[in-house]
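A.B. asks: Below is the sequence, then the predicted model.
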Amino acid sequence: MWDKKRVAGSGLIHEYVLGLTSEEENEEMEMLLQKDLALQREVTALKQNLLHYAKTHTPLVPASAGAEIRRAKPKARYASLALLAIVASMLVFFYAVWTRQSSQLRSLRQELASCEENQDNSRAVAQLFSQIAPKGTLPVTLQGTQLAPGSRSVVFWNPTKKTAWLNPGDLPAPPPGHQYQVWADVDGEMIPLGLIQPDGGDLHQIQYVSQAASLNITIEPLGGSDHPTVSKLMASGII
């Protein structure tokens, strides 16, 4: 059984209007038209457009031609009428071809836009990978605490280039009005390394500090805190 999704964009409507569909396809289309008023209006509009197109593009025939055809012998009269019918049929055929090609062109344009988007995404991923993949990068795993059991985050820590990138992993979303903040334990003092923006994506660049013993993530009010809220420690890992 056909449905509107299958018919839309497939060219079946145009083929039906032009009489190019099989008897079985005609029955399927007519059953669908009985149930779908919007599709009925679309078919009616298409028929009117085809008729208008044929009338507009059919070569003009002088007014005297009608009388000449009527005065002509039967064989000549039939030949003239047949010629006009052939011209009209050819115009309708070329209109159908043009419509189908236009649909295919739109589809190709959509595919091209999708390819360009994928290419942009690939470039962005490659750029980020170039930041976290240099030699000397140390992946530091931050395991979730009892407040985030089973979650895991990763910091790409590079003492050589003195860079650090954080992937929050599957940490749960912070409550409204709060965000995650990253800390480094340096000789027992918690040094703030940066804030994780709620919509910042998968990688966040954070500050690098030397002699850090561990990295920690807490939930803090928007804008961050001067000191970590220990009761809201979500993840921690030793370097």
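C.D. replies: Noted; the coordinates are in hand.
A.B. asks: Please parse the protein into its domains.
C.D. replies: For the chain, automatic domain parsing gives the domain ranges 4-129, 138-238.
A.B. asks: Now stretch 194-213: average pLDDT?
C.D. replies: Mean per-residue pLDDT for stretch 194-213: 85.
A.B. asks: re earlier: where among the domains of the chain is average confidence lowest?
C.D. replies: Across the domains of the chain, domain 4-129 gives the lowest mean pLDDT, at a mean of 64.
A.B. asks: Can you show me the strands along the chain?
C.D. replies: Applying DSSP state E to the chain gives strands spanning 138-144, 152-158, 163-167, 178-186, 189-196, 204-206, 214-221, 233-238.
A.B. asks: which residues are contacting the second one?
C.D. replies: Put plainly, it is strand 152-158. 132, 134, 136-144, 163-171, 182, 206, 208, 215, 217, 235, 237, 239 (C-beta atoms under 8 Å, 6 or more residues apart in numbering). Bear in mind the C-beta positions are built from the backbone N, C-alpha and C, glycine included.
A.B. asks: Tabulate the strands of the chain in a markdown table, adding columns for distance to residue 28 and mean neighbour count.
C.D. replies: Shown next, in a markdown table, are the strands of the chain (distance: least, C-beta to C-beta, whole Å; neighbours: other C-beta atoms under 10 Å):
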| stretch | distance to residue 28 | mean neighbour count |
| --- | --- | --- |
| strand 138-144 | 55 | 16 |
| strand 152-158 | 53 | 21 |
| strand 163-167 | 51 | 22 |
| strand 178-186 | 56 | 21 |
| strand 189-196 | 55 | 17 |
| strand 204-206 | 54 | 19 |
| strand 214-221 | 58 | 21 |
| strand 233-238 | 57 | 18 |
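A.B. asks: nearest to residue 33, of those strands?
C.D. replies: Closest approach to residue 33 among the strands of the chain is made by strand 163-167 (53.6 Å; C-beta to C-beta).
A.B. asks: strands paired with that closest one, and their directions?
C.D. replies: Using DSSP bridges, strand 163-167 pairs in its sheet with strand 152-158 (antiparallel), strand 204-206 (antiparallel).
A.B. asks: now for the ones you listed, which one comes closest to residue 106?
C.D. replies: Closest approach to residue 106 among the strands paired with strand 163-167 (C-beta to C-beta): strand 204-206, 39.2 Å.
A.B. asks: Contacts for the closest one next, please.
C.D. replies: With C-beta under 8 Å, 6+ apart, strand 204-206 has contacts from 131, 155, 163-168, 182, 193-194, 196-197.
A.B. asks: I'd like those residues written out as JSON lines, with distance to residue 223 added.
C.D. replies: Below are the contacts of strand 204-206 laid out as JSON lines (distance: C-beta to C-beta, whole Å):
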{"residue": "131", "distance to residue 223": "26"}
{"residue": "155", "distance to residue 223": "22"}
{"residue": "163", "distance to residue 223": "24"}
{"residue": "164", "distance to residue 223": "21"}
{"residue": "165", "distance to residue 223": "22"}
{"residue": "166", "distance to residue 223": "18"}
{"residue": "167", "distance to residue 223": "23"}
{"residue": "168", "distance to residue 223": "18"}
{"residue": "182", "distance to residue 223": "14"}
{"residue": "193", "distance to residue 223": "15"}
{"residue": "194", "distance to residue 223": "12"}
{"residue": "196", "distance to residue 223": "13"}
{"residue": "197", "distance to residue 223": "11"}
